[in-house]
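> When you get a sec, could you give me coordinates for this:
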Amino acid sequence: MAFFRNTTVNLLNLHYGVHALALSGGGAFFAVFLLRAGVPAPGVLASLAAILIGRFCIRPFVLPLGKRFGLKPLVIAGTILTALQYPLLAEVDGVGWALFALCAVSSIGDTFYWTSYHAYFASLGDSEHRGHQIGAREAIAALVGIAAPLLTGWALVTLGPRIAFGVTAAVLMLSALPLLWTPNIAVRDQAPGAFRAALPGVLMFLADGWIASGYYFVWQIALFISLGESFTAFGGAMALAAVAGAVSGLLLGRFIDAGHGRWAVWLASGSMAVTLLARAAGYGDPALAVAANAAGALVVALYVPTVMTAVYNQAQVSPCALRFHIATEGGWDTGGASGCLLAAALLAMGASFAAAILISMAGTAAAFFLLRRYYRATDLAAAQIT
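Alright, predicted model coming up:
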């Protein structure tokens, strides 16, 4: 398999797999633990929005550090910083200092990690194998996501949040080890036109962030409530979803690289819309909620390679991948924060969780048109070359 011949990408995917082990464990319980810790559902969503707004404000500071040190040190530092939020998460008890400190530390860590990681992956990957490489990455994340939520749910119940989230922090720090053998990527002092070139990616990520607000953030809370606010049941539902999505990403990645990006957009957007409807209908019914959650694993396998292939390829050919992702991540934060605040307002005014979940339909429609336009152009260009 040619797409496995890039040793650097293999190391990046190994890092991502260990990182995903932590995120599918303690990370998957972030919002629902806040709910159990006494933060009301609108407050949980407002806290997530605060983290995203903080990320938006901090992100400009990534560029001068990137120009001085390069991308690799930023990814490593961001990995370590993201780990620091989990010991704080264990200390949250309602709305108070621990919650405010958590939001601040989460904003800093997530900003440095995701901005530099996406730029790093875009710079080191192969555009002709991009779909395969992202599909392999997401398949690894799905595989490790089978055991991690089960173990974390068990640990929260039997060992307590300090140990459960302490292990999450340790695993996150260990995920930095494979990066010691990857090359550094320098960031140019000047890159004229870099932010202008990022505009299509900004719009894609703006839509993606809006999708995440209802499809991911609101849904996690809705699923947790539907399962009787049980950590073990929630972990089991997340593990079942990981089983469902373990190999699907590889199949769609191959489909994209073969020049069928426009069809991939239909599959990804269509499955997203159907799953949103299923999740809205499944709230309050444990069996339907678990089924709708499992269906979401297939959506991730279909949707993530489709959107990230488009974004990474645009980043790689832009004047500066880091500047590109500073802009696009800002778009994601804007979409995600706006969606979370709207969902929080709806719930606070007495609207149902179904209504808060369905706000993601607008983002799904926007993503469809943006991705359809991108793949129409790239598929036609590939056809002319052949």
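
> what number of residues lie near residue 60?
11 (other CB atoms under 10 Å). Placement of C-beta: from N, CA and C, glycine included.

> is it true that it touches residue 326?
Yes - using CB atoms under 8 Å, residue 60 makes contact with residue 326 at a distance of 7.2 Å.

> Check the gap between the residue lying closest to residue 166 once chain neighbours are set aside and residue 76 for me.
Residue nearest to residue 166 in three dimensions, not counting chain neighbours: residue 87, with 6.2 Å by CB to CB, 6 or more residues apart in numbering. Distance of residue 87 to residue 76, computed by CB to CB, to the nearest Å: 19 Å.

> what about these two, which has more around it?
Neighbour totals were compared for residue 87 and residue 76, and residue 76 leads with 22 against 16 (other CB under 10 Å).

> need the contact list for the more buried one.
176, 179 (CB atoms under 8 Å, 6 or more residues apart in numbering).

> Show the model's pLDDT score for it.
Here the pLDDT value assigned to residue 76 is 96.

> next one: residue 260
57.

> Same question for the one 10 residues further on.
Per-residue confidence for residue 270 comes out at a pLDDT of 90.

> burial of it, as a residue count?
Count around residue 270 with other CB under 10 Å applied: 14.

> Next, work out how far apart it and residue 95 are.
40 Å.

> now residue 174
Residue 174 is 32 Å from residue 95, by CB to CB.

> Over to residue 61?
28 Å.

> of the two, who's got more company?
Ranked by neighbour count (other CB under 10 Å), residue 61 and residue 95 place residue 95 first, with 16 against 13.

> Was I right to think the more buried one contacts residue 39?
Yes - with contact defined as CB under 8 Å, residue 95 counts as touching residue 39 (6.0 Å).

> Residues touching stretch 175-192, excluding its own?
Residues contacting stretch 175-192 (CB under 8 Å, 6+ apart): 8, 11-12, 14-16, 18-19, 21-22, 63, 66-67, 70-73, 75-76, 79-80, 119-120, 123-124, 319-323.

> Please apply the same query to stretch 153-168.
By CB under 8 Å, 6+ apart, stretch 153-168 touches 22, 25-27, 29, 33, 83, 86-87, 89-90, 152, 231-236.

> buried sites along it?
153, 155, 156, 161, 164, 165, 166, 167, 168 (16 or more other CB atoms under 10 Å).

> Need the max-distance pair from those.
153 and 166 (15.7 Å; CB to CB).

> Can you report how many residues lie near residue 333?
Neighbours around residue 333, by other CB under 10 Å: 27.

> same thing with residue 210?
Neighbour tally, residue 210, other CB under 10 Å: 28.

> Next, the buried residues of the one helix or strand it maps to.
Element membership of residue 210 [criterion: DSSP states H and E] is helix 199-212. Residues 201, 202, 203, 204, 205, 206, 207, 208, 209, 210, 211, 212 are the ones in helix 199-212 that count as buried (16+ other CB under 10 Å).

> Over to stretch 34-41?
Applying 16+ other CB under 10 Å to stretch 34-41 flags 34, 35, 37, 39, 41 as buried.

> Run the angle between the longest helix seen in the chain and helix 199-212 for me.
Counting by DSSP state H, the longest helix found in the chain is helix 286-317. Using axes from the mean of the first three to the mean of the last three CA atoms, to 10 degrees, the inter-axis angle of helix 286-317 relative to helix 199-212 is 170 degrees.

> Give me the next element, helix or strand, following helix 286-317.
helix 321-348.

> got a list of what residue 38 touches?
Counting by CB under 8 Å, 6+ apart, residue 38 has contacts 93, 94, 95.

> Export those to a markdown table and append columns for secondary structure and pLDDT.
Shown next, in a markdown table, are these (DSSP: H, G, I helix; E, B strand; the rest coil; pLDDT from 0 to 100):
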| residue | secondary structure | pLDDT |
| --- | --- | --- |
| 93 | coil | 95 |
| 94 | coil | 95 |
| 95 | coil | 94 |
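
> give me every residue that touches the spatially most central residue of the chain.
Centroid-nearest residue in the chain: residue 212, 8.3 Å away (criterion: CA atoms, centre = their mean). Neighbouring residues of residue 212 by CB under 8 Å, 6+ apart: 332, 335, 336, 339, 360.

> In this structure the third one contacts residue 209, no?
In other words, residue 336. Yes - the criterion here is CB under 8 Å, and residue 336 meets it with residue 209 at 3.5 Å.

> Now do the shared contacts for those two.
With CB under 8 Å, 6+ apart, residue 336 and residue 209 have common neighbours residue 52.

> helix or strand for residue 115, which one?
Per DSSP H and E: residue 115 is located in helix 97-124.

> Output the contacting helices and strands for that helix.
helix 7-23, helix 41-58, helix 62-69, helix 71-83, helix 85-89, helix 286-317, helix 321-348 (3 or more CB pairs under 8 Å, 6 or more residues apart in numbering; DSSP states H and E).

> buried residues in it?
98-99, 102-124.

> What of stretch 341-348?
Of the residues in stretch 341-348, those buried (16+ other CB under 10 Å) are 341, 342, 343, 344, 346, 347.

> contacting residues around the nearest residue to the last one once chain neighbours are set aside?
Sequence neighbours aside, residue 42 is the residue nearest to residue 347 in space, at 4.8 Å (criterion: CB to CB, 6+ apart). For residue 42, the set of contacting residues under the criterion of CB under 8 Å, 6+ apart consists of 344, 345, 347, 348.

> Show the pLDDT at residue 337.
98.

> go on, residue 286?
With respect to pLDDT, residue 286 has a value of 94.

> That one reaches residue 227, doesn't it?
Yes - using CB under 8 Å, residue 286 is in contact with residue 227, at 5.7 Å.

> about what we covered before: what would the buried residues of stretch 341-348 look like in CSV with pLDDT and distance to residue 188?
Listed next are these as CSV, based on pLDDT from 0 to 100; distance: CB to CB, whole Å:
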residue, pLDDT, distance to residue 188
341, 98, 36
342, 98, 38
343, 98, 39
344, 98, 40
346, 98, 44
347, 97, 45
